[in-house]
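Asker: here's a sequence, model it:
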Amino acid sequence: MYRLLAICLPAALVWAALAWPAPAAAQRALAAVSYQDCLNRARTNPEEAFAEAQTWQQTGGGLAAGHCAAIALFELRHYGDAADRLEKLLPDATIQAPHLVPDLVAQAANAWLLAGLADRARKLLDIAITARPNSLDLRLDRAQALAVLNDYVAAEADLDYALSLQPTRDDALALRAAARRLRNNMAGALEDAETALALNARNVEALLERGYLRHAAGDRRGARADLIQVRLLAPETPAADAAAREIEAIDLGRGTR
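Answerer: Numbers count the residues shown, from 1 in each chain. Prediction:
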């Protein structure tokens with residue numbers, strides 16, 4: 001359910017250009033390539049990317065090197081360290097690239113969320129949303145943090161706002177289905193899950209939610225079909241693990257979890 005905001009390559013190139021005050025054109029191009037390469041390597045070989053970024057920082061890599069190091073740590077699942085480094089980039093980013101600060105804040109918030117510090121994540125997302133109130137992705141991220149904090153009312157409010165901006169976002173609908181189910185609004189939750197699946201039949205979160213809801217309504221066959229589909233579409237994921245637990249509950253005659 002947690003999502004680290006994707007770092008698109010065009011944004012990476014902007015970061016690279018801003019990290020070096022006024023180099024020659026060829027030097028800027030080399031910096032951009034280095035940043036892009038470092039980010040690519042952070043996903044394929046994060047240990048190597050982290051070492052490279054550390055060396056790069058010592059030779060003037062600035063924000064780009066620091067950002068790459070943080071992403072490498074995230075990929076290594078050192079979420080708290082990654083979040084801390086991302087936060088520490090914010091003062092320089094505020095001066096050198098203020099329009100990218102909300103993205104950095106959101107990335108740090110997602111890392112704090114995965115580190116188990118949902119309240120810290122929520123506070124950062126509050127800052128990001130103040131700067132970018134109409135960002136659907138930020139609203140979704142904050143809704144997830146609020147849900148971890150058991151504030152389902154506020155989570156649903158963020159999701160309502162997000163869906164007012166883009167009613168056909170199936171991921172937002174799936175998240176609101178979860179929030180509504182946890183508030184015991186089963187009819188509303190089922191409506192959201194069904195709508196999400198009409199938009200995207202492979203939405204794993206929506207399938208999982210419909211599986212929960214069908215089980216709760218006594219439709220064990222329908223629930224099992226949805227939960228098996230979750231495991232087929234997204235094996236070895238938290239959603240698949242949750243589906244397996246729910247299937248076990250069905251088999252043992254227990255209620256939905």
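Asker: neighbours of Asp137, how many?
Answerer: The local packing of Asp137 (other CB atoms under 10 Å) involves 19 other residues. Using the backbone N, CA and C atoms, a C-beta is placed for each residue, glycine as well.
Asker: the one 4 residues further on too?
Answerer: Other residues near Asp141 come to 28 when the count uses other CB under 10 Å.
Asker: that one and Ile129, how far apart?
Answerer: 9 Å (CB to CB, to the nearest Å).
Asker: can you list the weak-confidence ranges in the protein?
Answerer: 1-33, 255-257 (pLDDT under 70).
Asker: the same query, at a cut-off of 90, please.
Answerer: Applying pLDDT under 90 to the chain flags residues 1-40, 55-64, 93-94, 96-107, 110, 127-128, 130-132, 137, 253-257.
Asker: how about the helices in the stretch 51-200 of the chain?
Answerer: 62-75, 79-88, 90-96, 101-114, 118-131, 136-148, 152-165, 170-182, 186-199 (DSSP state H, counting those that start in this stretch).
Asker: can these go into TSV with extra columns for distance to Glu48?
Answerer: TSV is the format used below for the helices of the stretch 51-200 of the chain (distance: least, CB to CB, whole Å):
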stretch	distance to Glu48
helix 62-75	8
helix 79-88	16
helix 90-96	25
helix 101-114	20
helix 118-131	28
helix 136-148	29
helix 152-165	37
helix 170-182	32
helix 186-199	39
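Asker: which one of those lies nearest to Arg254?
Answerer: helix 170-182 (16.8 Å; CB to CB).
Asker: now the closest one and helix 152-165, what's the angle there?
Answerer: Relative orientation of helix 170-182 and helix 152-165, computed by axes from the mean of the first three to the mean of the last three CA atoms, to 10 degrees: 150 degrees.
Asker: helix 170-182 relative to helix 186-199, how many degrees between them?
Answerer: Using the same axes, to 10 degrees: helix 170-182 against helix 186-199 is 160 degrees.
Asker: can you show me the CA trace of helix 170-182 as PDB?
Answerer: Output of helix 170-182 as PDB, limited to C-alpha atoms (Å, rounded to 0.1, in the frame of the first residue of the first chain):
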ATOM      1  CA  ASP A 170      -8.600   3.500  -9.500                       C
ATOM      2  CA  ASP A 171      -5.800   3.600  -6.900                       C
ATOM      3  CA  ALA A 172      -7.500   6.300  -5.000                       C
ATOM      4  CA  LEU A 173     -10.800   4.500  -5.200                       C
ATOM      5  CA  ALA A 174      -9.100   1.300  -3.800                       C
ATOM      6  CA  LEU A 175      -7.600   3.200  -0.900                       C
ATOM      7  CA  ARG A 176     -11.000   4.900  -0.100                       C
ATOM      8  CA  ALA A 177     -12.600   1.400  -0.200                       C
ATOM      9  CA  ALA A 178     -10.200   0.400   2.500                       C
ATOM     10  CA  ALA A 179     -10.900   3.600   4.600                       C
ATOM     11  CA  ARG A 180     -14.600   3.100   4.200                       C
ATOM     12  CA  ARG A 181     -14.400  -0.600   5.200                       C
ATOM     13  CA  LEU A 182     -12.400   0.300   8.300                       C
END
